Each structure stands twice: as C-alpha cells, then as structure tokens.
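Novice: predicted model and sequence follow; I will ask about them next.
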Amino acid sequence: MFNKIHHIAIICSDYEKSKDFYVNKLGFTVLAEVYRAERKSYKLDLAVNGVYQIELFSFENPPVRPSRPEAQGLRHLAFEVDDIEKEISRLNDHGIVTEPIRIDEFTDKRFTFFADPDGLPLELYEI
C-alpha cells in the first residue's frame, strides 16, 4: 500500500532564480542543499508546511517540456490555502502574476494559477 506522497521533484533551468522563487517568494523551508559535481547538478530539499517535500534539481541543458495545464503528463502542482485573496496578495507583492480567481464547478471552491520561473503551472486552492 502507498502511505502518502513522499516528495515532488522539479527540474529547473536556472537554479538560483528557482531557489529564490521557492524559498524567498513562496516561503518554503530549506532542509538540505547539495551540489553533485559528477552531475554538475544541485539538489535542494524544501519543506512545504512541515508535511510535504519538494526536491528542486538543476542539470546541464535540461530539455524543455510543454507545461501548460493541458499538456500531456503532470498537469500542475496545487497548494492548499486557507485565504486565497491573502495568498494572491502575498504573491503579487513578490512580483508573481496570478490569474483571476475561478470557482471549481464541482466543489464551489476558489482557485487560481500562477507559474514558477520555468512556466510550471502552480495552483492555489482554497479549502
């Protein structure tokens, strides 16, 4: 049996830019950071509210992948929030553009999308 999701791995094109985005703008906590010289690759482990973990990787010349929500593969990464307007304001204060708030037609919950520095679709979903 699967217990839970252990981590989400993201490969970025610009390590310092993505590290700044996830740590300083989104506010995730750094658990560990290593440079793997043989791969010319950074690996940054980030805690998301002490429950989940994001692994941020850098590699030399990673291939570009389509990343709009309707592209094949992982559609997006959603973060649960208590107050969507407060979080949108916080993101906007950091220069992060968010889409207009939408309503989930099945749950009547509010949500919006924004993107990381590589265009990965990220979602805020209000509980």
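Specialist: Cool, the structure landed. Treat the numbers as computed from the prediction; the structure is a model and nothing was measured. Numbers count the residues shown, from 1 in each chain.
Novice: for the rest of this, base every contact and every neighbour count on C-alpha atoms.
Specialist: Will do.
Novice: pLDDT score assigned to E70?
Specialist: Per-residue confidence (pLDDT) for E70: 64.
Novice: let the chain start at 550 from now.
Specialist: With the count now opening at 550, the last piece we talked about shows up as E619.
Novice: in the chain, which spans are helices?
Specialist: Along the chain, counting by DSSP state H, helices occupy 564-568, 633-642.
Novice: how about CSV for these, with distance to P649 and mean pLDDT added?
Specialist: Output for the helices of the chain, formatted as CSV (distance: least, Cα to Cα, whole Å; pLDDT from 0 to 100):
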stretch, distance to P649, mean pLDDT
helix 564-568, 24, 97
helix 633-642, 10, 98
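Novice: show me the shaky parts of this structure.
Specialist: Where the chain drops to pLDDT under 70, the residues are 551, 615-623.
Novice: which stretches of it form strands?
Specialist: 557-561, 578-585, 590-597, 601-607, 626-630, 651-652, 659-664, 670-675 (DSSP state E).
Novice: nearest to S567, out of these?
Specialist: strand 557-561 (6.6 Å; Cα to Cα).
Novice: which helices and strands sit right next to that closest one?
Specialist: In this structure, strand 557-561 makes packing contacts with strand 601-607, judged by 3 or more Cα pairs under 8 Å, 6 or more residues apart in numbering; DSSP states H and E.
Novice: can you redo the helices of the chain as a markdown table with distance to R651?
Specialist: Formatted as a markdown table, the helices of the chain follow (distance: least, Cα to Cα, whole Å):
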| stretch | distance to R651 |
| --- | --- |
| helix 564-568 | 26 |
| helix 633-642 | 11 |
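Novice: for those, which one ends up most surrounded?
Specialist: helix 564-568 (a mean of 17; mean count of other Cα atoms under 10 Å).
Novice: and the strands of the chain as CSV, adding distance to G644 and mean neighbour count?
Specialist: Shown next, in CSV, are the strands of the chain (distance: least, Cα to Cα, whole Å; neighbours: other Cα atoms under 10 Å):
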stretch, distance to G644, mean neighbour count
strand 557-561, 19, 16
strand 578-585, 20, 13
strand 590-597, 21, 19
strand 601-607, 21, 19
strand 626-630, 18, 13
strand 651-652, 20, 13
strand 659-664, 11, 19
strand 670-675, 15, 20
